[in-house]
Each structure stands twice: as C-alpha cells, then as structure tokens.
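Undergrad: what follows is a predicted structure for the sequence shown.
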Amino acid sequence: MAVSTPRILDGRKLAATVLDECRAAADRLAQQGLVPGLAVVLVGDDPPSQVYVASKVRTCGELGFRSQKIVLPASTSQRELIGVVDRLNADPAVHGILVQSPLPVAIDAGEVVRAIDPRKDVDGFHPENVAKLALEDPSGFVPCTPAGCMRMIAAAGVVTAGAEVVVIGRSRIVGKPMALLLMARGVDATVTVAHSRSRDLAAVCRRADILIAATGRPGMVRADWVKPGAVAIDVGITRVADATKPSGYRLCGDVAYDEVAPLCSAITPVPGGVGPMTIAMLMANTLEAARRLSGKHP
Ligand code: NAD
C-alpha cells in the first residue's frame, strides 16, 4: 500500500548546513589564533577506508581545519600503532584523533581506542565517552554516524517522543549508540534493538514508526517489513558489483529502496543520506574538541 510520495531526507544538503556552521565557528576560532586539527590514521590499504579518509581530509581543508593523514602498512604492529596514537595525544596542534576501521586482524581495535586521549576521541568510541553517552553526560563525544542520524531525524521534524523505533544492528559504532541516543531524556523513543539472532525480524520491523537499518546487508529490508507511513533511516553502505559503473560497483543501502520508499513518509537515500552526515558530525566533534582543549568558546 503506497502512502504518498515520500520525503527524501537529503543528507548532502543537511551536511552542507552543518559544515557551514563549522566553517563559521572555525573562522571565529582562527581570529583567536586557534585552528582545529584532526589526525586520521589509516592502517593498510582497504579501498573503502581510503575513500573515507580522503574525504575526511578534504573536508578539513574546506573548513580551514588542519589535518594530518598518517598511512601505515598493514604489517604495523599494535605497539607501533599505539606509539603513533601516543604521539598524537601529546601534540597540541591535534584536537581530534581518528583511527580508521577496520584495522588488520592482528591489532586489537579496543586497545587502540583505549590509547586515544578521550578528550581527542572525536569518534566517540573510547570507554569514557561510551559511558558518558549512556549516562547522558554531554561532556563526552557521541559517535558520528548515530549523531548524524539524530540530526537528520530532528531536521525532518520527526516526532520521537513515544515513537516505536526499531534499530537493526547492535554494533558499537552504530546500533548501540543509536539506541542510547533514541532512549535519552528529551528524545524519549521506545527502542527495540534487533540483530542477526532476532526472531521474526520482519514482524519486529513492522512495529516501527522509525526504522533504522545498520547491518551491511544490501536490500535486506523489504516492503513487507515496513509499516505504511514509517520513517526509514538507512545507515548501510555496501559496495555491490555493477559492470555498468566505471568503478565496477555501486553503493547499496540495507533498505530495498525502490519498493520501500513508496510506503514511507520519509526515507534516506544511499548514497546521499546518512553518509555525508557522518563526516559533518566528525567535523563538528573536532571543532568541539578544539574548543574544549583550548578553553575557547566562540
Ligand atoms: P557491523 O558488522 O559491526 O554490525 C552489523 C550488525 O548488523 C550486527 O549487530 C549484526 O547483528 C546485524 N546484522 C547482520 N546481519 C543481520 C541480519 N541478517 N539480520 C539482522 N541483523 C543483522 O556493522 P556496522 O559497523 O554497524 O555497520 C553497518 C552498516 O552501516 C555497514 O553497511 C556499514 O558500511 C554502514 N556504516 C555506514 C556509515 C555511514 O556513514 N553511513 C557509518 C558506519 C557504518
């Protein structure tokens, strides 16, 4: 049953607004002699990671932030990587540190995250920041992708108080922090977190007023999983082989967009939805880290 034409939640447009705010704030900080600085560490040569890192570095340049890209071979040991993190922790020109995931299997990503100064953990993955999110303490950093989803939901005027929200995926990067943000005071959603062991996922999803898919399973959410009028937020980004594209692939979300969109009141596209918001929120976190570390509040 088609509802009407769904509202396409344009992540590129909203991200541009967030980035404009960041640029204006960075200009004010620059007048006080402070330039926000982000260090991005890439280990190995995972192609999507290379694209993400390049995009983060480019965006820093566009905002007048300083950026440092550190590329290490896949053979880098955990000790060497933590040595690099220690050096960045001590560098006063670096306000944000991001170690791009995935890391080679020989490296314990948790240990690396714990080595980052929580005040520079602009990804929001350090246990101190995870605890602050759970405790609703605003002095922490919120992971960028769920923060971007929240901003999209708010900008679209979607009512969350009392809404049934189903989050598919329970990762530390997306699903879990997403659920915490949605159940926080002031947001007040009724949150269900589904995952690969959930029974009758379709029935669980059909309850959702807001459905957030973060699994990395392209096209998994089908039309009969969606309640008419629901809002669909598609976090998934998967490269699917496509010989018609010059790159040889296209990006696919977790939602079977063509059949689901007509049912929704609003939906995020892939690409051009949550993805651009993630980078925008990373820049906002880096700016905030620079402010906090310097004590400057423009
Ligand atoms: P992950 O692999 O760490 O977690 C995936 C989650 O999905 C798990 O909790 C798993 O239980 C669940 N899942 C997997 N298959 C399932 C199934 N068949 N049914 C129900 N649940 C299932 O992945 P992640 O890091 O959370 O990322 C998820 C997706 O989001 C990926 O496509 C990733 O590329 C994308 N992502 C996008 C952005 C962005 O900026 N838009 C940022 C981060 C991740």
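TA: It's in. Remember, it's a predicted structure, so these values are computed and weren't measured experimentally. Residues are numbered from 1 along each chain as shown.

Undergrad: bridge partners for residue 194, pull those for me.
TA: Beta-bridge pairing for residue 194 (DSSP bridges): residue 168.

Undergrad: give me the pLDDT for it.
TA: For residue 194, the pLDDT comes out at 98.

Undergrad: surely residue 184 and residue 135 touch.
TA: No: Residue 184 sits out of contact with residue 135 when judged by Cβ atoms under 8 Å, with a separation of 10.1 Å. Just so you know, the C-beta spots here come from the backbone N, C-alpha and C atoms, and that holds for glycine as well.

Undergrad: looking at this, residue 75 is in a strand?
TA: No: read with DSSP: H, G, I helix; E, B strand; the rest coil, residue 75 is coil and lies in no strand.

Undergrad: going forward, begin numbering at 33 instead of 1
TA: Understood, numbering begins at 33; the last thing we discussed is residue 107.

Undergrad: run a quick neighbour tally on the closest residue in space to it that isn't next to it in sequence.
TA: Closest residue in space to residue 107, ignoring its immediate chain neighbours: residue 136 at 8.0 Å, by Cβ to Cβ, 6 or more residues apart in numbering. Residue crowding around residue 136 was assessed by other Cβ atoms under 10 Å; the count is 17.

Undergrad: residue 136 contacts residue 75, correct?
TA: Yes: shown here, residue 136 and residue 75 form a contact pair, counting by Cβ under 8 Å, at 6.1 Å.

Undergrad: what residues are shared contacts of the two?
TA: Taking Cβ atoms under 8 Å, 6 or more residues apart in numbering as the contact criterion, the residues that touch both residue 136 and residue 75 are 106, 108.

Undergrad: pairing partners for the host helix or strand of residue 282, with directions?
TA: Per DSSP states H and E: residue 282 is located in strand 281-284. With DSSP bridges as the test, strand 281-284 is paired with strand 270-273 (antiparallel).

Undergrad: contacts for the strand it pairs with?
TA: Strand 270-273 is contacted by residues 80, 248, 249, 250, 280, 281, 282, 283, 284, 285, 286 when judged by Cβ under 8 Å, 6+ apart.

Undergrad: is residue 197 in a helix, a strand, or coil?
TA: Assigned with three-state DSSP, residue 197 falls in the strand class.

Undergrad: show me the contacts for the residue nearest to the spatial centre of the chain.
TA: Centre of the chain computed as the mean C-alpha position; nearest residue by Cα atoms, centre = their mean is residue 177, 1.5 Å away. Contact analysis of residue 177 by Cβ under 8 Å, 6+ apart lists 205, 206, 210, 246, 267, 306, 309, 310, 313.

Undergrad: which of those are close to the ligand?
TA: The overlap between the contacts of residue 177 and the neighbourhood of the ligand (criterion: Cβ under 6 Å from any ligand atom) consists of 205, 206, 246, 267, 306, 310.

Undergrad: who wins for most neighbours among those residues?
TA: Counting neighbours by other Cβ under 10 Å, the one among those with the most is residue 267, which has 31 neighbours.

Undergrad: that older thread, which of the contacts of residue 177 sit farthest apart?
TA: The largest separation in those, counting by Cβ to Cβ, is between 246 and 313 at 15.1 Å.
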